[in-house]
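1. Provide a 3D model corresponding to the input given below.
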Amino acid sequence: MTAVRLKHQQITEALAKEIRSGHRPAGEQLPGEHALAQRFGVSRTTVRAALAELNEAGLIATRTGKGSYVLFDGRPLDDRLGWAHALADQGIDTRVRTLAVEEVHDEELAGRLGLDTPVFIQVERTRELVADGSVISYERSFLPPVPGVRELPKQGLGDLSLTEVMLRAGLRPDHGEQRLAGRRIDVREAEVLRRAPGDWFLDTRRTSRAADGSFVEHVVSLLDPDHFQLSLEFG
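-> Below you'll find the model as predicted:
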């Protein structure tokens with residue numbers, strides 16, 4: 001019996017054929033996800049799966065594209081599947097420590113995000129390098145209290161990553177914005193990060209929304225500037 005190929009596999013095969021035949025010269029930039037989705041009549045998620053396979057096959061080198069993206073030790077991170085996957089793809093071995101998972105009420109944040117409810121599920125975590133145990137980030141994720149997420153304060157994350165929990169709950173980021181600043185960390189932050197109060201860290205605020213514009217996640221991160229940088233592309 002002939003195996004049925006999935007949609008993303010069909011797209012992978014079509015684009016691979018174009019690249020190998022020389023129809024698309026080496027180094028030529030592929031059309032964007034939106035254009036490819038329209039061409040093949042599929043979702044952008046399906047297109048991303050196809051691009052991931054092409055990348056694994058060494059036929060293309062993917063990155064987040066024009067705009068802004070985060071670098072770790074000079075290497076671009078595609079964090080659409082979460083920090084853990086993005087860092088692992090670059091061969092960077094890290095572990096995550098979950099400090100707290102709780103329901104919080106934040107009227108100011110809800111107003112800023114244009115939300116009707118001030119209730120969020122907050123997941124507070126640090127990330128450290130396995131090699132030397134240094135803490136490289138302190139992250140607070142604010143999620144909508146939808147089924148599959150609102151139970152987290154009682155159930156915890158278990159063996160799942162936060163990204164996996166979000167996907168299971170139907171929270172799929174499609175677009176958003178990210179802001180970056182530099183500031184000195186306070187006493188509590190210094191304790192969490194194992195640094196000295198007053199040390200400089202990068203402060204990023206990223207808000208993700210689904211394709212329909214609904215709220216998916218707001219993340220406040222403190223990133224070690226010795227490792228993390230933000231790259232901007234234009235033109």
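
2. Quick one: residues contacting His34.
-> Contacts for His34 (Cβ atoms under 8 Å, 6 or more residues apart in numbering) come out as Arg44. Glycine gets a C-beta too; all of them are placed from N, C-alpha and C.

3. An error on my part: the question was meant for Val119.
-> Residues counted as contacts of Val119 (Cβ under 8 Å, 6+ apart) are 103-105, 145.

4. ok, now Pro197?
-> Contact analysis of Pro197 by Cβ under 8 Å, 6+ apart lists 184-187, 190.

5. before we move on, the earlier item: of the contacts of Val119, buried ones?
-> Taking 16 or more other Cβ atoms under 10 Å as the criterion, nothing in those is buried.

6. quick one: which of those residues is nearest Arg39?
-> Pro145 (37.9 Å; Cβ to Cβ).

7. Quick check: that closest one touching Val104?
-> No. The pair Pro145 / Val104 is not scored as a contact, 10.1 Å apart, by Cβ atoms under 8 Å.

8. Among the contacts of Val119, pick out the one closest to Ala57, please.
-> Closest approach to Ala57 among the contacts of Val119 (Cβ to Cβ): Pro145, at 40.5 Å.

9. Before we go further, the closest one is sitting in a strand, right?
-> No. Pro145 is assigned coil when assessed by DSSP: H, G, I helix; E, B strand; the rest coil, not a strand.

10. Now it, what are its backbone angles?
-> Pro145 adopts backbone torsions of phi -80, psi 60, taken as degrees, to the nearest 10.

11. How much space separates it from Pro173?
-> 17 Å (Cβ to Cβ, to the nearest Å).

12. again with Ser134
-> Distance, Ser134 to Pro173, by Cβ to Cβ: 28 Å.

13. And Asp186, by the same measure?
-> Distance from Asp186 to Pro173, by Cβ to Cβ: 29 Å.

14. can you check Ala196 too?
-> The gap separating Ala196 from Pro173 is 34 Å, by Cβ to Cβ.

15. The two: who's more crowded?
-> Taking neighbours as other Cβ atoms under 10 Å, Ala196 and Pro173 compare with Pro173 leading, 19 against 10.
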